[in-house]
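*Asks:* fold the following.
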Amino acid sequence: MPTAGDAIARKSGAETGFYMPMLLTLMAVVLIAGSGVPGLFARQGAAWGQITATALTVLGAGVGIAGGWLALSVAPAGRICLLPGIWPGMPLHLRLDALSAFFTVLIFLMAGAGAVYGQGYWNEAKHPRTGRKLRAIYGLLLASMVMVTLAYDVIAFLMAWEIMALTSFFLIATEDHKPECRQAAWIYVVATHVGTLALFAVFALLHGASGTFLLQPVPVRTSMTLQTAIFLLALLGFGLKAGIMPLHFWLPGAHANAPSHISALLSGVLLKIGIYGLLRILTLLPHPPALWGVLVLILGATNAVLGVALALGQHDIKRLLAYHSIENIGIILMGVGLAMIGQAVHQPVWVVLGIAGGLLHVWNHGLFKSLLFLAAGSAIRGAHTREIDAMGGLAHRMSFTAGLFMVGAVAICGLPPLNGFISELLIYIGLLAPATHSAGEGWAAVAMAAVALSVVGALAVACFVKVFGAAFLGHARTNKAANAHEAPLSMIAPMWVLAGLCAAIGMAPLLVVVPLGHAAAVWAGEGTVFARVLTVMPWGILTAVNSGLAVSLVLGTFAIRAARRAAAVPCRPTWACGYARPDHRMQYTATSFAQPLVRLLRWALRPITHGGSAHTIFLQPMTRSSHVPDFVTDTMLFRFWQSFKQKISPIRRVQHGSVQRYLLYMMLALFVLLATLIPFGDLWRGIMGR
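*Replies:* Prediction:
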């Protein structure tokens, strides 16, 4: 007997019913969503609740990765699966295609890594007040992100999106006894709900164009004005989630104040849900004009350059990493913008290089940025501070953490032989293609974005040289940093896994070419894209060169260390320029290292300096500090809010805490409402009639 699902399948051209990848993914969602529930019944401080939550999350992550990888390997178009909805006769429609699976694999991977890391970092015995709450909400956030990628109708999408927004809010506010955590959480929740309002408008316009609440392509005859409105609203709604400038104002505070494994999840995965939503909406709009791609490309280049520039001036290691997330979202958008331009001007090579590079950077950024946040959390745990200038010398006492942070730093700088190099190389070659293509003379200006990408790479190297040198090298700058010790195995092991994956993708990119090609083909809507991804780069040669470089680096390192041991060179103190007792204060700080570049970019960064400077022959004790404000949050939003509060302060006189006065307000409101029921028109006509 025909079902509602069969009717939907006939209308959309898709099959219905559950199949193995979807079943595995839904099993994983159930396991992870319920992972924190048993711990809610454990007594405060009990370890078994945390162990159970970690075990269920890791099990669910393994099942989910298997389902997602299976979907990517066989490249299904995706079947429509029906789940019971809130209202009878309105089931929720889910669909797992290669594009969805590409994001679910990353979500599940970070779910397992974050759960194991949290076992040591946010131990129940040390955090009895917040531990159970964090683990329960952590599972719900992961499950909601997966459901966003599976949603095939508006109701399912918005339900999962709202759960994702609220659970993120509670995780950011984990340490809600700290004012800065509460402020960051409230800024986030306001930003995300502004984005949600934009998404309501997007889906209303899509329904008006297609006549259905399913996420199906709008008819080709849809006016370009309506399509442009949908695109711009989607850019606003999903851009707020992804942290596209100037909509990034919630991001630095949220990433800095959340627990480090939550920061890794926010940066490595949550921002990518915004990218996923934008990509999914673009698949529903036929024949996007080149101007859309130019806009996305410009936004991406702006994000990348300003993100890394703002990172240079940061003293807080987690805020610094947060601004690098903005930078890498910009790199992803540059790839997407190039692909959109290629679609508009019928240049398939641009499409393949752009979307393949952008999608691969989604994975790569998720890996190396999560690694960096986890390593930063380990360093913060050891030094008891987030201030880079209060660390120093951690490599002597936390060698594993220092080495793993170095791996993440090399990857995020786009240096071979790690994974960041591969995705940035794809985008870089794609951006140069319009300048060398015979039919692309009018689009040669696109190659200017390649210059921006080069500048971003150079500034990223300078920034991470600053961070690693100030935090991990030299001498300890505080007693707490001097007494730091290595993190436990539960924190180190997930970092090793992420570092290994960064190396694997960098040295053997052939491992991800097939999944990447299938996901790119779903977005582009062309079967030929998959074959072009396989041939657009010399993947075999790239694998051989990067693998050879990695082996050479390892062998060279061992050879140098063996030679040093054999030579037995005696260690002597470095000449201290005449100072009899040099100490940690004579080291370069992160601030002083970055000062020349910050000064060079002062037209954009607007650095603020506090304290005096030496103008006399004999030095006097003084303090001097500087910081780089966020031009959106600090310069615009906070000033606007202060001005707004001053203007509405007279209205607050009505609120005095007096119960009698509040009862009077209620009575007046009741009289006004009752007055609206009086038929004044009939009464007046009756009076005049007399």
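
*Asks:* and the chain, what are its domains?
*Replies:* Annotated domains of the chain cover 341-564+587-608, 655-690 [automatic domain parsing].

*Asks:* give me whichever of the ones you listed is most buried.
*Replies:* Of all the domains of the chain, domain 341-564+587-608 has the most neighbours on average by mean count of other CB atoms under 10 Å, namely a mean of 20. For the C-beta atoms, the positions are set from N, CA and C on the backbone; glycine is no exception.

*Asks:* pLDDT of that domain, averaged?
*Replies:* For domain 341-564+587-608, mean pLDDT rounds to 88.

*Asks:* do stretch 233-250 as well
*Replies:* 92.

*Asks:* just to revisit the earlier point, for T222, which of the domains of the chain is the nearest?
*Replies:* domain 341-564+587-608 (16.1 Å; CB to CB).

*Asks:* mind checking the end-to-end distance for the closest one?
*Replies:* End-to-end span of domain 341-564+587-608 (CA to CA, to the nearest Å): 40 Å.

*Asks:* same question for stretch 144-156.
*Replies:* 10 Å.

*Asks:* that older thread, closest one to S210 among the domains of the chain?
*Replies:* domain 341-564+587-608 (16.0 Å).

*Asks:* need the domains of the chain in a markdown table with distance to A209, can you?
*Replies:* Shown next, in a markdown table, are the domains of the chain (distance: least, CB to CB, whole Å):
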| stretch | distance to A209 |
| --- | --- |
| domain 341-564+587-608 | 18 |
| domain 655-690 | 38 |
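
*Asks:* which of those domains sits closest to G335?
*Replies:* Closest to G335 of those is domain 341-564+587-608 (CB to CB; 2.9 Å).

*Asks:* just to revisit the earlier point, just tell me which of the domains of the chain ends up closest to M334.
*Replies:* Of all those, domain 341-564+587-608 sits nearest to M334, with 5.7 Å by CB to CB.

*Asks:* from the chain's centroid, how far away is that closest one?
*Replies:* Taking CA atoms, centre = their mean, to the nearest Å, the mean C-alpha location of domain 341-564+587-608 is offset from the chain mean by 15 Å.

*Asks:* all helices of the stretch 101-250 of the chain, in order?
*Replies:* Remark: helices assigned in the stretch 101-250 of the chain by DSSP state H, counting those that start in this stretch are 131-150, 154-172, 179-210, 224-242.

*Asks:* out of these, deepest packed?
*Replies:* Scoring those by mean count of other CB under 10 Å, the most buried comes out as helix 131-150, with a mean of 25.

*Asks:* tell me which of the helices of the stretch 101-250 of the chain sits nearest to H610.
*Replies:* helix 179-210 (19.3 Å).

*Asks:* and the angle for that closest one with helix 224-242?
*Replies:* Angle, helix 179-210 to helix 224-242, by axes from the mean of the first three to the mean of the last three CA atoms, to 10 degrees: 160 degrees.

*Asks:* one step back: could you dump the helices of the stretch 101-250 of the chain to JSON lines with distance to V362?
*Replies:* Output for these, formatted as JSON lines (distance: least, CB to CB, whole Å):
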{"stretch": "helix 131-150", "distance to V362": "12"}
{"stretch": "helix 154-172", "distance to V362": "17"}
{"stretch": "helix 179-210", "distance to V362": "19"}
{"stretch": "helix 224-242", "distance to V362": "11"}
